[in-house]
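**Q** Below are the sequence and a predicted model; questions follow.
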Amino acid sequence: DAGVIQSPRHEVTEMGQEVTLRCKPISGHNSLFWYRQTMMRGLELLIYFNNNVPIDDSGMPEDRFSAKMPNASFSTLKIQPSEPRDSAVYFCASSLGQGADGYTFGSGTRLTVV
Amino acid sequence: SQKIEQNSEALNIQEGKTATLTCNYTNYSPAYLQWYRQDPGRGPVFLLLIRENEKEKRKERLKVTFDTTLKQSLFHITASQPADSATYLCAQEHGGYSTLTFGKGTMLLVSP
């Protein structure tokens, strides 16, 4: 398996633009997570999907953020409109079940909003 | 609210020594704790899980302990090597959905 695949690896965008981050989880994993990492706050959970259904989105900062999982092999995280404070590394992770066997993370998308 | 804390200062040790990293949590004891390794520009990689009813777990040169009285987990790397240099993250299951909350990590630097 190629692991969790995220795209793009890097994204530089201007404030106010829409940004879409993509994730392909490991086949057979039924849980998917989006995290954001910054130096100040570390890794923060944004949203958790189980069997393609959003279960916990309490970490989504505000209405500018939205996430979808139309099928078991694809998820998107969208920011519209983007702001400089959204600059961070965004990770997607997947796991079998709720993660007692550990999460598998993608390589992340480094987002810079100027 | 539940917090998970790791020493923010980097740990510098000589090759061959044992590295010990600390993870402290507040309030309730989680059902399990996990440890991850993160290299620059990469996502975290799962290393070990220890459950609250386990005092110790080993995997090759790695050892994790879980002390529910002290509300602490220790992560040991024996016979450390420069290739062990990375940031190590502690994580605990949290909340009704048992998703993971991560500490900010401790950077380990192993000198030859």
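**A** Alright, I've got the coordinates.
**Q** what residue ranges in chain B score low on pLDDT?
**A** Flagging of chain B using pLDDT under 70 yields the residue ranges B:1-2, B:95-96.
**Q** what about the strands in it?
**A** Counting by DSSP state E, chain B has strands at residues B:4-6, B:11-14, B:19-25, B:32-38, B:45-51, B:56-59, B:62-67, B:72-77, B:86-94, B:99-102, B:106-111.
**Q** Now do the fourth one: everything it contacts.
**A** In other words, strand B:32-38. Residues outside strand B:32-38 that contact it (C-beta atoms under 8 Å, 6 or more residues apart in numbering or on different chains): A:99-100, A:102, B:23, B:25, B:44-52, B:62, B:64, B:66, B:73, B:75, B:86-93, B:100, B:102, B:105. (Glycine included, C-beta is placed from N, CA and C.)
**Q** neighbours of residue 93, just the number please.
**A** This is for chain A. Residues near A:A93, counting by other C-beta atoms under 10 Å in any protein chain shown, number 29.
**Q** oops, I was thinking of chain B
**A** Residues within reach of B:E93, counting by other C-beta under 10 Å, total 18.
**Q** Also A:D63?
**A** A:D63 has 7 neighbours, counted by other C-beta under 10 Å.
**Q** List only those of the contacts of strand B:32-38 flagged as buried.
**A** If you count burial by 16 or more other C-beta atoms under 10 Å in any protein chain shown, the buried members of the contacts of strand B:32-38 come out as A:99, A:102, B:23, B:25, B:44, B:46-50, B:62, B:64, B:66, B:73, B:75, B:86-93, B:100, B:102, B:105.
**Q** Identify the residues contacting B:E56.
**A** Contacts of B:E56 (C-beta under 8 Å, 6+ apart): B:I50, B:K63, B:V64, B:T65, B:F66.
**Q** Skipping adjacent residues, who's closest to the second one in space?
**A** Just to be clear, that refers to B:K63. Residue nearest to B:K63 in three dimensions, not counting chain neighbours: B:H76, with 4.4 Å by C-beta to C-beta, 6 or more residues apart in numbering or on different chains.
**Q** Looking at the strands of chain B, spot the one closest to A:D57.
**A** strand B:99-102 (11.3 Å; C-beta to C-beta).
**Q** close to chain A, is that closest one?
**A** Yes. For strand B:99-102, a contact with chain A is found by C-beta under 8 Å from any C-beta of the partner chain, at B:T99, B:L100, B:T101, B:F102.
**Q** Thank you kindly, that will do.
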